[in-house]
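In: The amino acid sequence is not available; the structure is as follows:
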């Protein structure tokens, strides 16, 4: 996956996240929707991390294609 494809995926996931959030103004989300939002948040974090890895590798003169998606347990523990 190249940078452009990662950015497109980030945009797609963020739009889905916003769609779910906007679908229930003033009413609670279903358990399934809450779970989907949590999964979207993790996947978005993984995409942003992958994009950052690719950019860092490129800046260091390394192959950006060697970057790999890190597990949720790793990206969810990053300091924001």
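Out: Happy to help now that I have it. Keep in mind the model is a prediction, meaning the values are calculated, not measured.
In: what about the residue lying farthest from the centre of the chain, distance to residue 19?
Out: The centre of the chain is farthest from one residue, residue 26, which by Cα atoms, centre = their mean lies 26.2 Å away. Here residue 26 is placed at a distance of 16 Å from residue 19 (Cβ to Cβ, to the nearest Å). All C-beta atoms are positioned from the backbone trio N, CA, C, and that covers glycine.
In: Give me the residue ranges of this structure where confidence is low.
Out: Scanning the chain for pLDDT under 70 picks out 78-80.
In: same thing but at 80, please
Out: 77-80 (pLDDT under 80).
In: Would you map the helices across it?
Out: Ranges of helices in the chain, per DSSP state H, are 3-22, 31-59, 72-75.
In: Which strands and helices lie in contact with the longest one?
Out: Of the remaining helices and strands, those touching helix 31-59 by 3 or more Cβ pairs under 8 Å, 6 or more residues apart in numbering; DSSP states H and E are helix 3-22, helix 72-75.
In: Could you list every helix and strand in contact with the first one?
Out: So that's helix 3-22. With contacts defined as 3+ Cβ pairs under 8 Å, 6+ apart, helix 3-22 has these neighbours: helix 31-59.
In: What are the buried residues along the helix it packs on?
Out: In terms of neighbour count (16 or more other Cβ atoms under 10 Å), helix 31-59 has its buried residues at 40, 43-47, 49-51, 53-54.
In: Centre of the chain to it, how far?
Out: Taking Cα atoms, centre = their mean, to the nearest Å, one finds helix 31-59 lying 2 Å from the centre of the chain it belongs to.
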